[in-house]
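K.L.:
mind looking at a prediction? Sequence and model below.
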Amino acid sequence: MKKTKFKEVSDKLVEKGVLLSPDILEEEAEQKIIDELLKKTDESFLILNKDIYKLFLEQKNMTEANWKDFESATYSKEKNQDEKIYKNFLAFIEEQNKKDTETTNKVKIIYSYEEDPKKRTFQDFVKLFNVRFKELHNMLRQRQELQSVTSISRILYKKERENVAAIGMIQEKHITKNKNIILKLEDITGTIQVVVSKNQKEAFDIIQDCVEDEVIGVVGTSGAKVVFASKILLPDVPLSKELKKSPEEEYVIFLGDPHFGSKAFLTKEFEKFLQWINGKSGTEEQKEIAKKTKYMILTGDLVEGVGIYPGQEEDLTIKDIKEQYNEFANYLKQIPKHIQIIIFPGNHDAGRIAEPQPRIYKDFAEAVWELPNAIFLSNPGIVNIGATKDFSGFDMLVYHGYSLIYYADNVQSIREKGGQKRVDLIMKFLLQRRHLAPAHTSTRYIPLTDKDPLVISNVPDFFVTGHIHRTSVSNYRNVTMLNCSCWTAITDDQIKRGLEPQPGKVPVVNLKTREVKIMNFLTK
């Protein structure tokens, strides 16, 4: 690697507010470190000597330091007056770094999609559906009622009125004149018709809400190349799912859909949030929560984007997407550095809409990637937080939620109970199907051939979404389900899409108790 002596770039560093101590001038550094120092501004005035340079090399967090005190301490040390303040300063940096390292180590990426660009063909879709079917089939096989499951090709040759059990993917679904439901069920061996009578109330209620392409279990009796269903079974969340609680009192907060760059962005409300998270506003209890907040999760649509819908340029204050991300970064810089910011993309962010979406692109969001406390995942992604030596931490499945509106509109029971206003019912629906978009047409996706990243393979402790711009907190079988708010006022585009936003609200979770509070920053 190319190295440069500090004295060769001292004038440029001084211009950037980085003063060099005499003991550093003859030292050499890799050019990339020099370049990083040259990016500094006078907002964190720095005297660089050998001790501080060593900390810098070790990537110690020095952002919380009081540089004026350090300047005085360095002067006293160099004049042989008192080294105590100087040593205390270095000890503070070491202690701060120790705390930051402990927090960083408590964030572990469980799943984040990495781009695998290649040409996709029809066969890739076939392979994806086979992979999906196999995984969901294995989940259903765990059910007691499906221990004797038989392939569809064998059921076709069963005698009439034999007890049968099958697992298949719904290819078609129709309602008869008598208001019964007929399915065309498919597995890798063939297809068969399944009749669900309206008189089988429990099975009928379940199948009414089922959508094409989801994988179900069927228990019933055989007929002439037909199954008369008595039970319909879903992959679902096991009843034995543990409600985990942390041994430590620390908090995680959730922010959905900021949409930086939009004219509808709620600047005052977001600034009120920043005041609170920095401990400068709120009740004593709220300030204590802010102090103990260790994680912040952003569920996507970080910026408003460009060209998302016709005429969008009229709704923008910032018309360049890179500048939108720069604005986003400027706000995130105001978040205390001990808080790990975990960032997921959404459909307004730079990049493709098809899921899984890769992490936000560096070339568009360089300023965000430079944040020292930011961690980036794909959409969907799974992150584990809060783990200790004796505690496994919490798995958080975060999905921006492009498919949610489809199920609000197309699942009868959800539509009748409020549609998009009942995000809790949509999220429960997806957990029961163990898939984030079971219907083929509910979202755009890339057909991966080795794994379906939209399958909920392992049941998370938290299931977190955004996209609908509403706030929802619920629990299903010990999975905490959170849909996050937004930071925009209502727009014409939202009205056209049937959205009714609930902006400026922040879910705050106490990981020790699993209690969820909603903080409202909306200016009245």
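P.N.:
Done, it's in.
K.L.:
rest of the way, CA atoms for contacts and neighbours
P.N.:
Noted.
K.L.:
once you drop chain neighbours, what's closest to the spatially most central residue of the chain?
P.N.:
Centroid-nearest residue in the chain, with CA atoms, centre = their mean: residue 398, separated by 3.2 Å. Leaving aside its chain neighbours, residue 398 sits nearest to residue 464 (4.7 Å; criterion: CA to CA, 6 or more residues apart in numbering).
K.L.:
the one you found belongs to a strand?
P.N.:
Yes. Under DSSP: H, G, I helix; E, B strand; the rest coil, residue 464 falls within a strand.
K.L.:
does the residue nearest to the centre of the chain belong to a helix, a strand or coil?
P.N.:
Assignment for residue 398 (three-state DSSP): strand.
K.L.:
verify the stated contact: it with residue 467.
P.N.:
No. At 11.6 Å, residue 398 does not count as touching residue 467 under the criterion of CA atoms under 8 Å.
K.L.:
list the contacts of the residue nearest to the centre of the chain.
P.N.:
299, 344, 379-382, 463-465 (CA atoms under 8 Å, 6 or more residues apart in numbering).
K.L.:
kindly report the same for residue 206.
P.N.:
Per CA under 8 Å, 6+ apart, neighbours of residue 206: residue 232.
K.L.:
tell me if it really is in a strand.
P.N.:
No. Checked against three-state DSSP, residue 206 lies outside a strand; its state is helix.
K.L.:
all numbers from here: first residue = 409
P.N.:
In the new numbering, first residue 409, that becomes residue 614.
K.L.:
follow-up on the earlier one: go through the contacts of residue 806 and say which is closest to residue 631.
P.N.:
Closest approach between the contacts of residue 806 and residue 631, by CA to CA: residue 871, at 41.0 Å.
K.L.:
how close does that closest one get to residue 803?
P.N.:
9 Å (CA to CA, to the nearest Å).
K.L.:
cool, residue 645 as well?
P.N.:
Taking CA to CA, one finds residue 645 at 15 Å from residue 803.
K.L.:
hey, C-alpha coordinates of stretch 865-880 in PDB?
P.N.:
This file holds the C-alpha atoms of stretch 865-880, laid out as PDB (Å, rounded to 0.1, in the frame of the first residue of the first chain):
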ATOM      1  CA  SER A 865     -37.700 -20.400   7.800                       C
ATOM      2  CA  ASN A 866     -37.100 -19.600  11.500                       C
ATOM      3  CA  VAL A 867     -39.700 -18.000  13.600                       C
ATOM      4  CA  PRO A 868     -38.400 -14.600  14.700                       C
ATOM      5  CA  ASP A 869     -38.900 -12.900  18.100                       C
ATOM      6  CA  PHE A 870     -39.900  -9.700  16.300                       C
ATOM      7  CA  PHE A 871     -41.600  -9.200  12.900                       C
ATOM      8  CA  VAL A 872     -41.200  -5.600  11.700                       C
ATOM      9  CA  THR A 873     -42.700  -3.900   8.700                       C
ATOM     10  CA  GLY A 874     -43.300  -0.500   7.200                       C
ATOM     11  CA  HIS A 875     -44.700   0.700   3.800                       C
ATOM     12  CA  ILE A 876     -48.300   1.300   4.900                       C
ATOM     13  CA  HIS A 877     -47.300   4.400   7.000                       C
ATOM     14  CA  ARG A 878     -49.300   3.300  10.000                       C
ATOM     15  CA  THR A 879     -48.500   2.300  13.500                       C
ATOM     16  CA  SER A 880     -49.400  -1.100  14.800                       C
END
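K.L.:
thanks again, I'm all set now.
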